[in-house]
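>>> just the structure for this:
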Amino acid sequence: MVQFCILCISVLVIGSNILVSAKFFQDILENYEKELLPTWNLSIPLEIHFDSAPGTLISFVEVEEKIGITMTLIMNWTDTRLTWIPKDKYDNFIIVTTKEIWLPYVYHMDSVDGIKPVGYDSHFYAIITAQGQVRWSPGDIFQSKCNTDVSKFPFDSHSCKLRFMMWISVPVVHATCKILPDIAKLYKNITSGYQKEIFPTWNQTQPLDIYFTLAPLVLNSFYATEETISLTTAIYFMWDDLRLSWEPLLYGNKESITITTNDIWLPYIHMENSVDELKAIGHDAQFYARITHNGRVKWTPGGILRAKCPSDIRRFPFDTQTCQFIFAMWGVEVNDVRYIPVGDEAIMTYFTKNSDWTVTANRQFVRYKNITVEFIFEISIKRQPLYNIVVVILPTFVFALMNPLVFLLPVDSGERISLGMTILLSYEIFLTLVSNSVPASSNPICLLLLILVIVMMISGGIVICVICSINNYYIEDVNDINVCVEYLAVCFRQKKCIQLSDEDKPDESESANLSVKDLVKTIDIMFLVISYILFGVALSTYFIYICSTRNE
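Numbers count the residues shown, from 1 in each chain. Predicted coordinates for the structure are as follows:
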């Protein structure tokens, strides 16, 4: 009975503590604006202490240059709006969910799965102390791009970087007083009565100017067979919304604020040549916006863009591909919006190099199309050819040197046909390797693929010639040899050829001086020379074309 009473008293105490904690947590959330940065004096930057706790290395795929790891990010910051005076030692901290408090939008820049704030798609508790210290530890499975170095394979080691950042465009602003109550008041005033569904042009007869530029982060992949390119990038937008303007003197000389974008107008911009679902860029995740006192809005969403890119594989593996990412606001005509690029090229400061492709050029421009307008980002990438040179081109060249040598093997060894067939089948393997790397396209066709087919045909002709040579080798009487073969042998030995006629048939005395083996040996040498000439013409044609078009 005593134990039961103690248990009941404990439950009542715990329950009362929970109710008290819930009550004062609701009290401190009163008038709390989670859209605003949690710094009391906004002239001082917010400090976020960052640490990581790796869990499990799930995978490392060298072929795809991708690493998968389970990791927890530990973030600490101070939110002075979440402070209270503790009444006892049990009120020094509380553990709460994060639905009602400000959280940093931290993005994984090298992600190959998608750009989204870490921890926002799941629920992770936060620990808040009475002094306003917030500790938040979200976790996730991070799939990241990781350039590989396999030069020491299988004794290789790899270093992978996982980059995280908060995408905010923050200009340098000089002001004297920027305290949180002024910012909260400012935010309420500019969003009160604001209708985010309406185009932000004061004069609706004038087009809205939207400035843009791209900041590529990672070239994830380019699949020539599927004709698709995958690029992780940030897109910088800037426009004027006079409804979001204010007088800085009325709000502590605050000239700009950083807020979430739930309550303001954003452009619905789609990528027209996407191979995934068509959705507005930046609307499936939260990205901060920077607003200045004159109503200028700066917004930098990001994501993984997968676009259709018709490939030109004539010069494979020395090819250069040019791909376009085409953006537009569907349903908006030329008179409604005007895109203005910020510079002719994208911002490549944060770009991570790719081990398979090198970015040779990029540009961004605007294109008018009937009654609509598009802005386009164009990127040119050049393939790193070393792998295909070592695996395909060099073996093909070596086998082309070896293949005609079957005519020098003694017929009695019995290895002529087997060697010829082995080399012929080897060409088939190289043909398969190349065909799996290029699209099944007839225009343009891969020149290397065409050369391999020609080399296979020459190799097949060598096998046929070997069979004919062996067949003639075992003929006992020289007169039983085909007259054409006999004529070619005599003609080749004399290093001249004349038109074959009844009067020009080989002289019997001249043929009588030749044995069957002499004729076969002469034919073998003739086939050897012809084979090398054909191989030389085919391979030199390929290399001459590659060298002559290297600047295209």
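>>> got the contact list for the nearest residue to residue 296 once chain neighbours are set aside?
Leaving out its chain neighbours, the residue that sits closest to residue 296 by C-beta to C-beta, 6 or more residues apart in numbering is residue 240, at 5.4 Å. Heads up, the C-betas are built off the backbone N, CA and C, glycines and all. The contact partners of residue 240, by C-beta atoms under 8 Å, 6 or more residues apart in numbering, come to 200, 209, 294, 295, 296, 297.
>>> cool, and residue 464?
Residue 464 makes contact with no residue, according to C-beta under 8 Å, 6+ apart.
>>> the residue sitting nearest the centre point of the chain and residue 112, how far apart?
The centroid of the chain falls nearest to residue 220 when counting by C-alpha atoms, centre = their mean (1.8 Å). Here the distance between residue 220 and residue 112 works out to 5 Å (C-beta to C-beta, to the nearest Å).
>>> now list whatever residues contact both of the two.
Common contacts of residue 220 and residue 112 (C-beta under 8 Å, 6+ apart): 145, 230, 232, 304.
>>> just confirm the second one is within a strand.
Yes. According to DSSP: H, G, I helix; E, B strand; the rest coil, the state of residue 230 is that of a strand.
>>> that one - nearest residue in space that isn't next to it in sequence?
Residue 230's closest residue in space is residue 220 (C-beta to C-beta, 6+ apart), at 3.9 Å.
>>> the one you found: which element?
strand 208-223 (DSSP states H and E).
>>> going by contacts, tell me the helices and strands next to that strand.
Judged by 3 or more C-beta pairs under 8 Å, 6 or more residues apart in numbering; DSSP states H and E, the packing partners of strand 208-223 are strand 228-240, strand 320-328, strand 337-341, strand 357-369, strand 372-383.
>>> residues of the longest helix along the chain that come out buried?
Ranked by residue count, the top helix of the chain under DSSP state H comes out as helix 516-548. Neighbour-count burial for helix 516-548, counted by 16 or more other C-beta atoms under 10 Å, picks out 516, 519-524, 526-528, 530-531, 534-535, 538-539, 542, 546.
>>> which strands or helices does that helix pack on?
Secondary-structure packing of helix 516-548 (3+ C-beta pairs under 8 Å, 6+ apart): helix 394-402, helix 447-473, helix 483-494.
>>> and the angle for it with helix 394-402?
Computed with axes from the mean of the first three to the mean of the last three C-alpha atoms, to 10 degrees, the direction of helix 516-548 lies at 150 degrees from that of helix 394-402.
>>> now helix 516-548 against helix 447-473, angle please.
Interaxial angle of helix 516-548 relative to helix 447-473 (the same axes, to 10 degrees): 170 degrees.
>>> pLDDT on helix 516-548, on average?
What helix 516-548 shows for mean pLDDT is 87.
>>> one more: stretch 467-482?
On average, stretch 467-482 scores 71.
>>> ok, now stretch 377-392?
Stretch 377-392 comes out at a mean pLDDT of 92.
>>> that stretch: end-to-end distance?
In stretch 377-392, first residue to last residue: 34 Å (C-alpha to C-alpha, to the nearest Å).
>>> next one: that stretch to chain centre, how far?
From the chain centre to the centre of stretch 377-392 is a distance of 14 Å (C-alpha atoms, centre = their mean, to the nearest Å).
>>> how is the protein divided into domains?
Structural domains annotated on the chain: 21-166, 176-384, 386-548, as defined by automatic domain parsing.
>>> name the stretch among these that sits most buried.
Sort those by mean neighbour count, taking mean count of other C-beta atoms under 10 Å, and domain 176-384 sits at the top with a mean of 17.
>>> who's in contact with the closest residue to residue 441 other than its chain neighbours?
Distance criterion C-beta to C-beta, 6+ apart; nearest residue to residue 441, sequence neighbours excluded, is residue 313 at 7.2 Å. Residue 313 sits next to 224, 319, 438, 439, 441, 444, 446 when contact means C-beta under 8 Å, 6+ apart.
>>> which of those sits closest to residue 62?
Within those, the smallest distance to residue 62 is 19.7 Å, found for residue 224 (C-beta to C-beta).
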